[in-house]
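In: Predicted model, plus sequence, below.
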Amino acid sequence: MTNYSRQRAEILDLLKTNYNHPTAEEIYLILKTNGSTSSRSTVYRNLGLLSQQDQIRKITVTDAPDRYDFIRYEHGHIVCSGCKKVFDFNYDFNHEEIKKSIQEQTKADISNNMTILCLCNSCQKASL
């Protein structure tokens with residue numbers, strides 16, 4: 001971190017112990033419940049700063065709020081297109097090779113985040 005910030009430290013501590021990929025609003029509400037005096041705008045601003053500094057990962061979810069994850073190790077995310085829940089997945093392939101191949105084929109700028117859309121088991125069962 002560039003400068004120490006109690007609010008930033010609170011957010012990092014929360015994300016280090018939370019594996020549910022919370023939204024900014026959920027992070028704000030959890031912090032409030034725990035007695036934090038951080039404002040909503042402070043939480044949003046610090047989430048942006050922490051993600052820019054690659055201390056946390058912002059997970060973009062289509063038609064739903066972004067979610068956040070503390071970067072414990074390199075992994076990908078699966079986002080359910082039904083309930084918008086985010087799941088972690090591990091991989092043993094070379095992420096850089098796949099990224100390079102996609103960039104060569106599409107000329108697109110690929111982020112380092114790997115997110116795959118799916119329909120989770122619960123949503124599959126609900127649609128039957």
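Out: That came in fine, so what should we check first?

In: Tell me the predicted confidence for the closest residue to residue 16 other than its chain neighbours.
Out: Nearest-residue entry for residue 16: residue 70, 5.0 Å, with adjacent residues in sequence omitted and distances by CB to CB, 6 or more residues apart in numbering. No exception for glycine: its C-beta is placed from N, CA and C like everyone else's. With respect to pLDDT, residue 70 has a value of 94.

In: Any regions of the protein where pLDDT drops low?
Out: Along the chain, the model assigns pLDDT under 70 to residues 1-4, 112.

In: where along it do the strands fall?
Out: Using DSSP state E, the strands of the chain run over residues 56-59, 67-70, 76-80, 86-89, 115-118.

In: mind checking how far the fourth one is from the chain centre?
Out: In other words, strand 86-89. Put simply, strand 86-89 sits 10 Å off its chain's centre (CA atoms, centre = their mean, to the nearest Å).

In: Alpha carbons only: can I get it in CSV?
Out: Taking Å, rounded to 0.1, in the frame of the first residue of the first chain, the C-alpha atoms of strand 86-89 are listed here in CSV:
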residue,chain,number,x,y,z
VAL,A,86,-19.0,-16.7,-8.0
PHE,A,87,-16.9,-19.9,-7.6
ASP,A,88,-13.1,-20.4,-7.5
PHE,A,89,-11.4,-23.0,-9.6
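
In: buried sites along that strand?
Out: Neighbour-count burial for strand 86-89 flags residue 86 (criterion: 16 or more other CB atoms under 10 Å).

In: Please enumerate residues in contact with that strand?
Out: Applying CB atoms under 8 Å, 6 or more residues apart in numbering, the external contacts of strand 86-89 come out as 19, 21, 59, 61, 67, 69, 75-80, 116, 120.
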